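> based on what follows, work out the 3D shape:
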Amino acid sequence: MRGYRLKAKGSDRLYKGNHTYYLLLLTYYFNRMLPLAERLRPKTLADYIGQQHLIGDGCMLRSMIEQQHIPSMILWGPPGVGKTTLAEIIAHTVHVPFYTLSAVTSGVKDVREVIDKAKQTSLFTQQGRPILFIDEIHRFSKSQQDSLLGAVERGTFTLIGATTENPSFEVIRPLLSRCQVYVLKQFEKEDLLQLLERAITKDVVLSKLQIEVKETGALLRFSGGDARRMLGILELLQEAAVDGKLTIDDALVEKQLEATPLAYDKLGDMHYDIISAFIKSIRGSDPQAALYYLARMIEGGEDPVFIARRLIISSTEDIGLANPNALLLANAAFDAVNKIGFPEARIPLAEATVYLALSPKSNSAYLGIDAALAMVKQTGNLPVPMHIRNAPTNLMKDLGYHDGYKYPHDYPGNYVAQDYLPQELLDAQFYTPQFSSPSESRLVAAWQEKTKK
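Numbers count the residues shown, from 1 in each chain. Here you go, the predicted model:
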């Protein structure tokens, strides 16, 4: 074998013909080129950080892995929480062939090719059932997911799918029913600090620097529970090292990152989780929380028109007759948002949000229309009473349309008692007054005084 000429950093020595040294040096420089997240990717459960509710001592998933009894599963969680890593550890632990597909780049043809390989592996080796790992399985179309069903049912391979989206909506029911769903959580502060310590002490590159960690607040905040993002920030901070020394504090992190946008998927679960928290905070009369979630949506790039629409819905569903002006203000905010857009639109959105949160609440109109809709579905097209039907033609008058109708304005107080509901529903009650607010109480009191005569 030909000799190799390699010069190590800080040395002018010439290495020639030493194959073992060459391979070690090549491995070292290759590892340096890998991203930090890849260099630190754990290979065993002992090194795996986080998700103790799944792989902690005595937990079911850990027991199944240690017993090498792996069911098909869906790993559901936000980015950077170890879904791919956990799948690789499972395959490494049970010593079976491991196939990977990305739903972004793979199609039905790729799935069929892997199925064929898995069948051949099962036939000609003594190893256990192969594992097929599909990253972002929610991106597979229905037909692509259908192509997996037969192989999963026959046990051709064990399927492990990873998704950031709710599998209840994104994975077809037949496939979902054949898989266990495990929910992975965002990394806690303690998990990220443990990972930080491992990175600066164990990594082949960072361990060569003199790193002092003075503050971690900004680092943890910008990481947002995403381990991969935190390691990416560390790589960025590494560039600020001077003479092999690096001091990490909040100022350095903020300077290096400047205005890094928050994690916010406008098409994913976070979108629905935050808008749900926003509306529930308004319903619960908590303006502090409502403004916080409004800020989360604004910083995440949410469509301001979507937020304004939700405010209009809240003004009628949760506030309603307790403060009818809420609908007027919410509608005015909607118009303002359409006219001015961001960043100024944040102000009318905030005004409407605080007003709605502070307003008294009543869902009587909301409950009333739902009760009426349920009755309509139950009873169908009941005939309208003849006396309140319109009679624009002589024929309709001759048939008795409009006969006996009493015009309320012809009576004192603009009211006269008469039946308006179909005969079958005369005793039905859809609207139930709520007396928790002065506004609705006054309206109901006046109505009851008028109708008791």
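
> contacts, neighbours, all on C-alpha from now
Noted.

> pull the helix or strand with minimum mean pLDDT from this protein.
Least confident helix or strand, the chain: helix 19-33 with a mean of 52, by mean pLDDT, DSSP states H and E.

> check which element follows that one along the chain.
helix 36-39 (DSSP states H and E).

> need the residues that contact that following helix.
31, 203, 228, 231-232, 235 (CA atoms under 8 Å, 6 or more residues apart in numbering).

> ranking the residues you listed by neighbours, who comes first?
L231 (23 neighbours; other CA atoms under 10 Å).

> my read is that one is in a helix, agree?
Yes: L231 forms part of a helix when assessed by DSSP: H, G, I helix; E, B strand; the rest coil.

> any idea how far apart the tips of stretch 65-76 sit?
Using CA to CA, to the nearest Å, the end-to-end distance of stretch 65-76 comes to 18 Å.

> I'd say I200 and L206 touch.
Yes: applying CA atoms under 8 Å, one finds I200 in contact with L206, separated by 5.1 Å.

> and the strands in the stretch 251-400 of the chain?
Taking DSSP state E, counting those that start in this stretch, the stretch 251-400 of the chain contains no strands at all.

> tell me how far the residue of the chain most remote from its centre lies from P392.
Distance from the C-alpha centroid of the chain peaks at D398, with 62.2 Å (CA atoms, centre = their mean). To P392, D398 is 11 Å away according to CA to CA.

> ok, K43 next?
Here the criterion is CA to CA. By it, K43 lies 82 Å from P392.

> repeat for D135
Distance from D135 to P392, by CA to CA: 66 Å.

> same check on Y401?
With distances taken as CA to CA, Y401 is found 9 Å from P392.

> looking at these two, which one has more neighbours?
Shown here are Y401 and P392; by other CA under 10 Å, Y401 has more neighbours (20 against 10).

> so where's the protein uncertain?
1-33, 121-127, 258-271, 450, 453 (pLDDT under 70).

> who's in contact with Q186?
Q186 neighbours (CA under 8 Å, 6+ apart): 77-78, 81, 225-226.

> mind doing that once more with 10 Å?
50-51, 77-82, 192, 224-227 (CA atoms under 10 Å, 6 or more residues apart in numbering).

> and it, what are its phi and psi?
Note on Q186: backbone dihedrals following degrees, to the nearest 10 are phi -60, psi 150.

> distance of it from L220?
From Q186 to L220 the distance is 12 Å (CA to CA).

> same thing with F342?
28 Å.

> so between these two, which is more surrounded?
Neighbour totals were compared for F342 and L220, and L220 leads with 21 against 14 (other CA under 10 Å).

> let me see the contact set for that one.
L220 neighbours (CA under 10 Å, 6+ apart): 187-189, 192-193, 226-227, 229-230, 250, 253.

> follow-up on the earlier one: list just the nearest of the contacts of helix 36-39 to V104.
Among the contacts of helix 36-39, R228 lies closest to V104 (CA to CA), at 19.5 Å.

> wouldn't that closest one be in contact with P78 here?
No: using CA atoms under 10 Å, R228 is not in contact with P78; the gap is 11.2 Å.

> that older thread, please indicate which of the contacts of Q186 are buried?
Neighbour counting with 16 or more other CA atoms under 10 Å marks 50-51, 77-82, 192, 224-227 as buried within the contacts of Q186.

> tell me which of the residues you listed is nearest to V171?
Taking those together and measuring to V171 by CA to CA, the closest member is G77, at 14.2 Å.

> I figured I279 hits I319, correct?
No: I279 lies out of contact with I319 (CA under 10 Å); the separation is 11.6 Å.

> ok, the two, which is more surrounded?
The neighbour comparison of I279 against I319 (other CA under 10 Å) goes to I319, with 28 against 24.

> K377: neighbour count?
Neighbour number of K377 under other CA under 10 Å is 9.

> now swap in E344 and tell me
11.

> same question, R309
R309: 15 neighbours (other CA under 10 Å).
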